[in-house]
Structures are given as structure tokens and as C-alpha cells.
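# sequence unknown, structure follows:
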């Protein structure tokens, strides 16, 4: 399974882009940096976007992706998430006020976008992949995603503070190739992390103690806040017992 990093930070500067990942050529995961990181041709290949939650840093490029798709006359784009996330997008984003309702604007063979709702803890087919959303602990309704293709799976943790159900689901996987987990704030910002539903290196270490997979499993870290980047990196460097990898923009992995 190919994984491409389009955005992996918890904020934006000229050197930082918010959460967005590409699995293969056709499945995007979150939309913080799709159109800023992909050519028009690459954007047109995307069949579906998994959206973990409705915060702007995870959805904003849905706007420009839909706009480009409409102008290209491309195939309908599936926007996929739990019902609460889809409801937020309908009400507050593609609402003909903040941005056009592209479900009502045709592209090639139908509407520019189509919403697909997933049920937590249930596997659903999504454009050639098997996707299971798992609820995690954030300030709005948020899901992680278990993404399986063929005999391999990866897990994208979304934005989360300490959580439980995700680890039950992850530990049951026998084909897991990589775990993508957030870490946002340094340890001395624990109150801010708690109040905003994020992890520090200390709470990340506690969460990973719940993981029963072997130490060789790649744990790919994203969502570090640019303001605190150097402090978080120093604290992560002291963690032992896991194969931690700090994701960088435009990296590619074959998992």
C-alpha cells in the first residue's frame, strides 16, 4: 500500500501543511493540503476523501478540490465520514453561503460531490478499499480510520486525546503495516492538549502502552504544532520502545 504525505502538521507556515494523506493514487485521507500539494491531473485521479472530523485544518481543501473537479468535468468525488461529520459539512461548509453546494452542481456523469456516511466500527467498501471508522476522543465527533487494501491495513488515528476503543480495534488487526498517530503539544502544555483533545509526547507514550503489536511496527507521527515543534521533537526523542517516525512533507512510503 502506497502512502504519500501531503500535509502532516498541526498548523501552517510556508514549511508546514495541515493534515492530508494520499493512499495509492485515488484515496485521500483528510483534506488540509490536497490542492496545495497535488497537480490538477493528480487531483482528478482521486475518487474519495475520508474526512476524520469537521475542523477546518482537516476539510478546507475540499472546497478547492470540488471547485477544480467541477471545472475539469471529472467524475463524482465521494466525501466519506461518520454521520456527524457529513452533517457538519452540509450545514456549515457546502451550504451555498460559505461555499457552493457542489452536490447540486454537475461535473461529468453526475454531481461534483456525493456524501457517503459510514457507521462506526463497521467495515464499508470505499472505492476499492475497506474502511472502518472508529470513534476517538476529540472536541467534536471524530473518527480514526482502519484502511485495508488486499492483505494489508493501515490505521489513521485522526485528532485524538487519550482514547480506548481505537486500541481494541488496532490490537485485533493481524495485517497492520503502520499506525499514524497525532502528537500536538509539548508536555508542559498538557492542560491545553487536554482541553483541545490532543496528545503530548507523555500522553502519546501512555497511549502506545495499550498497543500490543510488536516494537517494529512503524508509528508515524503527525500534527505537531509549528509553534512548539522543536520542544515536541526533543521530548519525542526521549521515548523508547517504539518505532517512532516523524512524518515530513511529501514523503512516500510503500507499506
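Alright, I've got the coordinates. No experiment lies behind these values; they were computed from the predicted model shown.

# how about the strands of the chain, start to end?
Listed in chain order, the strands found in the chain under DSSP state E are 2-7, 20-23, 27-31, 48-50, 77-81, 113-117, 124-126, 129-136, 142-149, 152-156, 176-182, 218-222, 243-246, 252-254.

# Give me the contacts around the second one.
Just to be clear, that refers to strand 20-23. 1-8, 28-34, 37-38, 46, 61, 129, 147, 149, 154, 156, 180 (C-beta atoms under 8 Å, 6 or more residues apart in numbering). No exception for glycine: its C-beta is placed from N, CA and C like everyone else's.

# do that again at 7 Å, thanks
Here strand 20-23 makes contact (C-beta atoms under 7 Å, 6 or more residues apart in numbering) with 1-7, 28-34, 37, 61, 147, 156.

# most neighbours per residue, which of the strands of the chain?
Compared across the strands of the chain, strand 27-31 shows the largest average neighbour count, a mean of 27 (mean count of other C-beta atoms under 10 Å).

# circling back to that earlier point, same list (the strands of the chain) but as JSON lines, adding mean pLDDT and distance to residue 70.
As requested, the strands of the chain are arranged in JSON lines below (pLDDT from 0 to 100; distance: least, C-beta to C-beta, whole Å):
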{"stretch": "strand 2-7", "mean pLDDT": "98", "distance to residue 70": "21"}
{"stretch": "strand 20-23", "mean pLDDT": "98", "distance to residue 70": "20"}
{"stretch": "strand 27-31", "mean pLDDT": "98", "distance to residue 70": "16"}
{"stretch": "strand 48-50", "mean pLDDT": "98", "distance to residue 70": "15"}
{"stretch": "strand 77-81", "mean pLDDT": "98", "distance to residue 70": "9"}
{"stretch": "strand 113-117", "mean pLDDT": "98", "distance to residue 70": "9"}
{"stretch": "strand 124-126", "mean pLDDT": "98", "distance to residue 70": "22"}
{"stretch": "strand 129-136", "mean pLDDT": "98", "distance to residue 70": "24"}
{"stretch": "strand 142-149", "mean pLDDT": "98", "distance to residue 70": "26"}
{"stretch": "strand 152-156", "mean pLDDT": "98", "distance to residue 70": "27"}
{"stretch": "strand 176-182", "mean pLDDT": "98", "distance to residue 70": "30"}
{"stretch": "strand 218-222", "mean pLDDT": "98", "distance to residue 70": "30"}
{"stretch": "strand 243-246", "mean pLDDT": "98", "distance to residue 70": "36"}
{"stretch": "strand 252-254", "mean pLDDT": "98", "distance to residue 70": "29"}
